[in-house]
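Enquirer: Provided below are the primary sequence and the corresponding predicted coordinates.
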Amino acid sequence: MIKIALKMLLGDRGKYLGIITGIALASLIMIQQPGILISILGHTYSFISDINLPDIWVMDPKVQFIDDSKPLQDTQLYRVRGVQGVEWAMPLYKGSQRVRLDNGELVGSNLLGLDDATLIGGPAVMLEGRLADLRLPDSVIVDEAGAKGRLAKQPATPSGKAIPLKVGDVMELNDKRATVVGIARGTPTFQSQPIIYTTYSRAKNYALSERKMLSYILVKAKPNELPQAVARRINRQTGLAAYTAEEFKSKSLRYFIENTSILTNFGFVVLVGFIVGAAVTGQIFYNFTLDNLRYFGVYKAMGATDRMLRRMILLQALLVGFVGFGLGAGICGVFAAATQGSNDLTMNLNWQLLLGSGAAVLLIVVVAALFSIRKVLKLEPAVVFKG
């Protein structure tokens, strides 16, 4: 009976391909859209992930997410260093600064000021130059996306290509000279602005209009201390907010989820994909069953039990579901591989996403099969033979 069920399914190529196409498109939407959403949400705390040395982030109590830095007085750094369990604490400046390009255009960027002595908070991957070169006069490091994108030199002709920044090029920050000494690779931020690294003291010089310069204090807990316990101790003794890196990631992510409609928009698209996939698949599969109703009637007249007929229809439904889901997931996998490492649109795939979308496809094909089974079980063989 299994061979017969497969012959019935594969014999009607038009409906077979139609069902697979519907499931593949539904799978594609249900995997791609959440995958892109995961990637976008990951960018909300990518800056925290890239700086992996500190265990604890200390900040103003009113900070809501990573880009919402509220400057502190430099004296707060010494108060944090005096807390028990702190192995070291380093300053970090994070602010917005406009870069004047060679054509006079002003481009917004994120300026990061690292501790002059240790350079903690700097990029982990250097494509050109060295992190230590930041100690040279007027030196800055630019991220790869900014160097190739918004900070690239304008072409000589309107139809020409922009020229990426390279080591030795000179920029202008707040009417002050800045020499590029390195190109770094970092995870794109949520705002997708270029990232410029320099020392903490030089960042003060570039942003003289600001009275307070200390955005965050990066803290490393002693080996025998739990970061969570040290963070709570810092909070009690200084009145500042102190979070572990994971806590700060969760706080930033939660802010964007609660205060933007991004989750609702992507969720609506996924829901539409599920409904359309279910409607198309169910309709085509039900019509396929109606077209083969006479065969089911013959098998029923020959003594086929209801259980056997149910198995035949479920086998057909599960086969098209498996093939369609595999096709949709495969397309998403190719897209994810093609965009990996890109500074633009990317997609993250994980087993939880594939498992969830697979369960949704299983629900679609099982519901479609149940409607068909109901029709077959109510069938009277005599009606078929009369027709």
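Expert: Thanks, I have the structure now.
Enquirer: got the contact list for Lys161?
Expert: By C-beta atoms under 8 Å, 6 or more residues apart in numbering, the residues touching Lys161 are Pro155. Any C-beta I mention is one placed from the backbone N, CA and C, and that applies to glycine too.
Enquirer: helix, strand, or coil at it?
Expert: Of the three states, Lys161 takes coil according to DSSP: H, G, I helix; E, B strand; the rest coil.
Enquirer: and it, what are its phi and psi?
Expert: Lys161 adopts backbone torsions of phi -90, psi 150, taken as degrees, to the nearest 10.
Enquirer: ok, it to Leu240 distance?
Expert: Distance of Lys161 to Leu240, given as C-beta to C-beta, to the nearest Å: 47 Å.
Enquirer: same question for Ser357.
Expert: 43 Å.
Enquirer: average pLDDT for the longest helix seen in the chain?
Expert: Criterion DSSP state H: the longest helix present in the chain is helix 306-339. Per-residue pLDDT over helix 306-339 has a mean of 90.
Enquirer: list the helices and strands it packs on?
Expert: Helix 306-339 is packed against helix 2-11, helix 13-43, helix 262-291, helix 293-301, helix 351-377, with contacts defined by 3 or more C-beta pairs under 8 Å, 6 or more residues apart in numbering; DSSP states H and E.
Enquirer: so which bits of the fourth one are buried?
Expert: Of the residues in helix 293-301, those with enough neighbours to count as buried (16 or more other C-beta atoms under 10 Å) are Leu293, Phe296, Gly297, Tyr299, Lys300.
Enquirer: do the third one as well
Expert: Across helix 262-291, burial judged by 16+ other C-beta under 10 Å covers 266, 269-270, 273-274, 277-278, 280-282, 284-286, 288-289.
Enquirer: show me what it is packed against.
Expert: Using 3+ C-beta pairs under 8 Å, 6+ apart, helix 262-291 sits against helix 13-43, helix 306-339, helix 351-377.
Enquirer: what's stretch 95-111 in contact with?
Expert: Stretch 95-111 is contacted from outside by 69, 71, 93-94, 146, 150-151, 153-154, 171-175, 189, 191, 193-196, 198, 203, 206-207, 210, 215, using C-beta under 8 Å, 6+ apart.
Enquirer: tell me which entries of those residues lie within helices.
Expert: Per DSSP H, the contacts of stretch 95-111 map to helices at Gly146, Ala203, Tyr206.
Enquirer: got a markdown table for those, with pLDDT and distance to Met312 too?
Expert: Shown next, in a markdown table, are the ones in helices among the contacts of stretch 95-111 (pLDDT from 0 to 100; distance: C-beta to C-beta, whole Å):
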| residue | pLDDT | distance to Met312 |
| --- | --- | --- |
| Gly146 | 88 | 60 |
| Ala203 | 90 | 71 |
| Tyr206 | 87 | 73 |
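Enquirer: okay if I get those as TSV plus neighbour count?
Expert: Below are the ones in helices among the contacts of stretch 95-111 laid out as TSV (neighbours: other C-beta atoms under 10 Å):
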residue	neighbour count
Gly146	26
Ala203	27
Tyr206	22
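Enquirer: which of those sits closest to Ala304?
Expert: Using C-beta to C-beta, Gly146 comes nearest to Ala304 of these, at 68.1 Å.
Enquirer: give the helix, strand or coil label for Pro61.
Expert: Following three-state DSSP, the label given to Pro61 is coil.
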